[in-house]
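**Q** When you get a sec, could you give me coordinates for this:
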Amino acid sequence: MKDTKIAVQEIRAFNRFYTDIIGLLDAHLLNSAYSLSEVRTMYEIYTGKSVQASQIMTAMHIDKSYLSRILKKLTQEGLISKTPSEEDARASLISLTEEGLKVFKTLNKASDEQIDGLISSLSPRKLEQLVNHMQAIQEILQHK
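**A** Now for the predicted structure:
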């Protein structure tokens, strides 16, 4: 068993490696006009179809004021629309517009292609190992 301090340093080294290799710290994700947080917000809206801001905050563990700034930008750019909730007059439902859907799908495809480029040279055995290890990391950290 490793010393906790050593484990922390090894995990942080891996995080630096992975964020660098896929460009997560770049100002704009995948050479787009959008940050990682903005694209992730679009992802949450896309998967939820029509969601409330509180649902996005919960899914992303994001601050209300930061999410508000992101939603304002996406609204100004015509990527999302807000409609009053029929169930709660105080709440709005957020959806991707046609343009938002187009932008999201383009970015999602670019992300898939980026990862495909990273793994395409791996043998089937190495690819299976990689996926199994990533699944193991998720399981370990989700079931602390």
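**Q** For the rest of this, base every contact and every neighbour count on C-alpha atoms.
**A** Fine.
**Q** In terms of helices and strands, where is the residue most central in space within the chain?
**A** Residue closest to the average C-alpha location in the chain (CA atoms, centre = their mean): residue 40, at 3.5 Å. In this assignment (DSSP states H and E), residue 40 forms part of helix 36-48.
**Q** separation between residue 4 and residue 11?
**A** Relative to residue 11, residue 4 is positioned 10 Å away (CA to CA, to the nearest Å).
**Q** Looking at those two, which is more packed in?
**A** When residue 4 and residue 11 are compared for neighbours, residue 11 comes out ahead with 12 against 9, by other CA atoms under 10 Å.
**Q** Give me the mean pLDDT for the helix holding residue 40.
**A** If you average the pLDDT over helix 36-48, you get 95.
**Q** Show me what that helix is packed against.
**A** Taking 3 or more CA pairs under 8 Å, 6 or more residues apart in numbering; DSSP states H and E as contact, the helices and strands that helix 36-48 lies on are helix 53-60, helix 64-76, strand 92-96, helix 98-119.
**Q** Tell me what angle that helix forms with strand 92-96.
**A** If you take axes from the mean of the first three to the mean of the last three CA atoms, to 10 degrees, helix 36-48 sits at 100 degrees to strand 92-96.
**Q** Just the CA coordinates for helix 36-48, please, in CSV.
**A** The C-alpha trace of helix 36-48 is given here as CSV (Å, rounded to 0.1, in the frame of the first residue of the first chain):
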residue,chain,number,x,y,z
LEU,A,36,-15.1,23.3,-21.3
SER,A,37,-17.8,24.5,-18.9
GLU,A,38,-19.9,26.0,-21.7
VAL,A,39,-19.7,22.8,-23.7
ARG,A,40,-20.5,20.7,-20.6
THR,A,41,-23.5,22.9,-20.0
MET,A,42,-24.7,22.3,-23.6
TYR,A,43,-24.2,18.5,-23.0
GLU,A,44,-26.4,18.6,-19.8
ILE,A,45,-29.1,20.5,-21.7
TYR,A,46,-28.8,18.1,-24.7
THR,A,47,-29.1,15.0,-22.6
GLY,A,48,-31.9,16.4,-20.4
